[in-house]
Each structure stands twice: as structure tokens, then as C-alpha cells.
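Novice: Predicted coordinates and the sequence they were generated for:
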Amino acid sequence: MKYLIIFSSLLFVFSSCRDRERKIVNSDYGDYSLTILKIDNEIYLINREYKSDNKPQNDFILNNGGVEYYTGLINWSENSTNIYTTYGVYDTTKADKRLKLTRVSTSEFEKLKKDSSNYKYFYY
């Protein structure tokens, strides 16, 4: 009985551990930030530097996974943060009006990527 309790306790502890990764993409002058927070199979694109390991409550775009490697472009301005992507499944319902996601063709993505003064390339 004692071993069953110990085994059950260890199983509970290890099953509650989550796979978490964080990457922060900053603008060239450090004025703006985008945090990419991966919790299990959900990926949050958060429109600021976010230091918590918990799911954000607002101001994010949720990528429901399905891709192992993601690339994107980001363009910051005083009034908006624009993310450009070619693929993926996203939920934008928790994004504020400043955070926008635009799907572009592969050729348009490559053209925008060459304009490194206006678009920052990132991946996760």
C-alpha cells in the first residue's frame, strides 16, 4: 500500500509538468517586443514582453499547434503590431485591436522578408 501511494504521488507530479518554452523577439531599437510562449501544443504570440509561465489573459494570438516549425514576419508601428504568416491555424479572438495577423502567399512573404528595415523575421 505504501508503494502504491508513493507511485501515485510521483505519477501525479510528473503528469502535471508542462512543456514550456519562451522566446522574445525585439524590434531593432528595443521599443517593441513580441513574446512567443509555448505551453504544451499551444503557442501564444503575445504583443509585449511577457515573463510569466502561465497562459496570458489578453492581447495575444493563439496558434493551436499542428506545425513543428513556424516562421513569421513582424512589423511594428506606433499604433499596431502586424504579423505576417503563410500557414497555420490561429485564434485571434483575444488579440486587441493593435495586434493583427495577415496571411500572405509564399512569394509575398519572401518579398517582405527582403525588406529587413521594416519587417523582422522570426521563427519558433
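Specialist: Thanks, I have it. What you are looking at is a predicted structure, and each value in this text was computed from that prediction instead of being measured.

Novice: Pass me the low-pLDDT residue ranges in the protein, would you?
Specialist: Counting by pLDDT under 70, the chain contains low-confidence residues at 1-18, 65-68.

Novice: hmm, 80 instead?
Specialist: Low-confidence segments of the chain (pLDDT under 80): 1-19, 64-69.

Novice: Can you show me the strands along it?
Specialist: For the chain, the strands defined by DSSP state E cover 20-26, 33-39, 42-46, 60-63, 71-76, 81-85, 90-91, 99-103, 120-123.

Novice: Spatially nearest residue to residue 22, not counting backbone neighbours?
Specialist: Setting aside the residues directly before and after it, residue 22 is nearest to residue 37 in space (Cβ to Cβ, 6 or more residues apart in numbering), at 5.2 Å. In this view, the C-beta of every residue, glycine as well, is placed from N, C-alpha and C.

Novice: So the one you found sits against residue 49, correct?
Specialist: No - counting by Cβ atoms under 8 Å, residue 37 does not reach residue 49; the two are 11.0 Å apart.

Novice: Compare these two and say which one has the larger neighbour count.
Specialist: Remark: of residue 37 and residue 49, residue 37 carries more neighbours, 23 against 13, as counted by other Cβ atoms under 10 Å.

Novice: quick one: contacts for the more buried one?
Specialist: Applying Cβ atoms under 8 Å, 6 or more residues apart in numbering, we find residue 37 in contact with 20-22, 43-44, 46, 50, 53, 56.

Novice: Of the residues you listed, which is the most crowded?
Specialist: Busiest of the contacts of residue 37 [other Cβ under 10 Å] is residue 46, holding 24 neighbours.

Novice: Verify the contact between it and residue 60 for me.
Specialist: Yes - using Cβ under 8 Å, residue 46 makes contact with residue 60 at a distance of 4.6 Å.

Novice: This completes my enquiry, with thanks.
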